[in-house]
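>>> I'd like to go over a predicted model; first the sequence, then the structure.
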Amino acid sequence: MLSFKTCYKFIKISTFLLSCECFIEEKDNIARSRPAYQFTTQSDQHLAKYAVSSDNNLSNYAEDRKSVGWLTIDLGGYYSITEICFWNSQPSGFLRNFQVFAEIHLLDEEELCFSYPDEVVSNPIRSKSSYICRSCNCKGSFLRLKKLHSDYFALTDMTVRGTYVKQSDDMLYNLTTSLIHFGKEKAVKPLVLSDGLFNTHVFKDKELNSEPFLRIDMTKSYDIKTVLFDNMAYDDPDILKMYVYLRYFPETINYPADEILGYVDLPYKNYFTTHVVKSLNYKTGRYLLFKTTCTPGKNNFLQISNVYIYCKTVSIGNEMKWKPTLKNDMITSIDLAGNAISKTIHNGNFIKSSESINLKSNDMLKINIEPTLINYYCIKAPIDSLISNCDTMRLSKITIPQSILNNNIGIGITGVNVKINDIYVIGNGMVNSFNCEQSGIGYSKGKVQKVYLFTCKTKVKSIDIMIFNPSIVLKGYLVF
């Protein structure tokens, strides 16, 4: 059954489609200037972003030339979508016969909003009457156009009307906050891989028997299952695969299969390409590593123009929940928007295991705590041999054996120049090793200094403290 929508001009009904020549005001357009991607790109003048930009230069528009093309828009939240409009300034045949999907995760095709078998008529002048609109009823965080023909696909502008429902499951990581290393070259400025342009890129020259890599240090661990990356037009069938790893450590020599996020076959084509790598489930790590493999005896190389990382959203909804893992920080009071609020606090924690505080937009919540002072023991060097004096440690790996852990699953560490993002704690279980999560900060008695606390999810045979900053000197530990 077709549903009708009131439009500004007229309503046109075809055999398959209800469409109307309407207009979505800018204040109601949830797609404007949102991140956008497409499978192939002809040049930096025809990027996917031009489908949702406010650029009035008609020579800038989104264009995909491959038979399996698609264009997707990250709406920045989970929306109930009620109307989508298109403007085509190119020949009418360039925007026709496509489907629109609403997706929770990129390229999942969860819900078909509608099919559009007709042409979107060309109109070289932007005006309200330039847009052809379609009513719909679908929900998602991404909108994707999937073309159903093998010719050019061009889109000058796309506007979307919808109602915000909740945060997306995934958020786009801000690459400018990362540290990037490329093979043996100097560190790469993050802007090179986050400006959205194909012609700015990193490139490792072809070398025989080389193993070029690109490593992105996100400075802390994230849950990730979707990564996109752009390649320039380098048609080279000798480059067989591009692997994407998500790792706890910055190692670039060994490549465990369980750390592979995904891979792309024959990544380099004779056109600009956006590749999507997806894992079935979220994987956790701090370092994203790109590596290529090539035909034996051929020259290997690696080129990447942009990287887009989608991380699991940390907080969902408009409420903040305080659920302490360790009761080492005593809550004294809570301020909301500068005013003290009354909450049930006993011995420095909420009486209930968790309690919600509803926040409005731009509200500032402050939890005032009084840190608990704790004792720690001297780090012994090396700790396995239990040397009695309290020597400082400058090793990259310290192992805490079961004889010291004594069935405890937590460890605290303190020292000089300690930065939490430069330390990983790995629990070695009976079968597998796993990351022990950061769980709080305490303060040592005597000389007051921070003790960083980590908790493993189950009992372990031993704990490895991995140090990635040579200036760190560990001087004490505790187990709990």
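Cool, the structure landed.
>>> from now on I want contacts and neighbour counts done on CA atoms only, so please keep to that.
OK.
>>> report the contact partners of Ser462.
Contact analysis of Ser462 by C-alpha atoms under 8 Å, 6 or more residues apart in numbering lists Thr399, Ile400, Pro401, Gln402, Leu405, Gly427, Asn428, Gly429.
>>> pLDDT for these - can I get that in JSON lines?
Formatted as JSON lines, the contacts of Ser462 follow (pLDDT from 0 to 100):
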{"residue": "Thr399", "pLDDT": "81"}
{"residue": "Ile400", "pLDDT": "82"}
{"residue": "Pro401", "pLDDT": "82"}
{"residue": "Gln402", "pLDDT": "82"}
{"residue": "Leu405", "pLDDT": "82"}
{"residue": "Gly427", "pLDDT": "87"}
{"residue": "Asn428", "pLDDT": "87"}
{"residue": "Gly429", "pLDDT": "84"}
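>>> most neighbours, which of the residues you listed?
Most neighbours among those, by other C-alpha atoms under 10 Å: Gly427, with 27 neighbours.
>>> doesn't Thr455 make contact with that one?
No - Gly427 is beyond contact range of Thr455, at 9.1 Å (criterion: C-alpha atoms under 8 Å).
>>> could you find the closest non-adjacent residue to Asn407?
Nearest residue to Asn407, sequence neighbours excluded (C-alpha to C-alpha, 6 or more residues apart in numbering): Lys459, at 6.2 Å.
>>> same question, Thr274
Nearest non-adjacent residue to Thr274, counting by C-alpha to C-alpha, 6+ apart: Asp230, 4.4 Å away.
>>> does the one you found touch Leu302 like I think?
No - in this structure Asp230 lies outside contact range of Leu302 using C-alpha under 8 Å: 11.8 Å.
>>> where do the strands sit along the stretch 151-300 of the chain?
Shown for the stretch 151-300 of the chain, the strands assigned by DSSP state E, counting those that start in this stretch span residues 153-155, 157-166, 170-172, 179-182, 202-208, 213-231, 239-247, 260-265, 272-294, 299-304.
>>> pairing partners for the longest one, with directions?
I take that to be strand 272-294. Using DSSP bridges, the strands paired with strand 272-294 are strand 40-41 (antiparallel), strand 213-231 (antiparallel), strand 239-247 (antiparallel).
>>> so of those strands, which one's packed in deepest?
Stretch with highest mean neighbour count among the strands paired with strand 272-294: strand 40-41 (a mean of 26; mean count of other C-alpha atoms under 10 Å).
>>> need the residues that contact that one.
Contact partners of strand 40-41, identified using C-alpha under 8 Å, 6+ apart, comprise Leu47, Ala48, Ala62, Glu63, Asp64, Arg65, Lys66, Gly69, Tyr271, Phe272, Thr273, Thr274.
>>> Pro250 touches Phe290, doesn't it?
No - using C-alpha under 8 Å, Pro250 makes no contact with Phe290, being 11.9 Å away.
>>> compare these two (neighbour count), which wins?
Set Pro250 next to Phe290 and count neighbours by other C-alpha under 10 Å: Phe290 wins out with 23 against 15.
>>> from Ile73, how far off is the more buried one?
Shown here: Phe290 relative to Ile73, a distance of 25 Å by C-alpha to C-alpha, to the nearest Å.
>>> so Lys139 lies in a strand, does it not?
Yes - counting by DSSP: H, G, I helix; E, B strand; the rest coil, Lys139 falls inside a strand.
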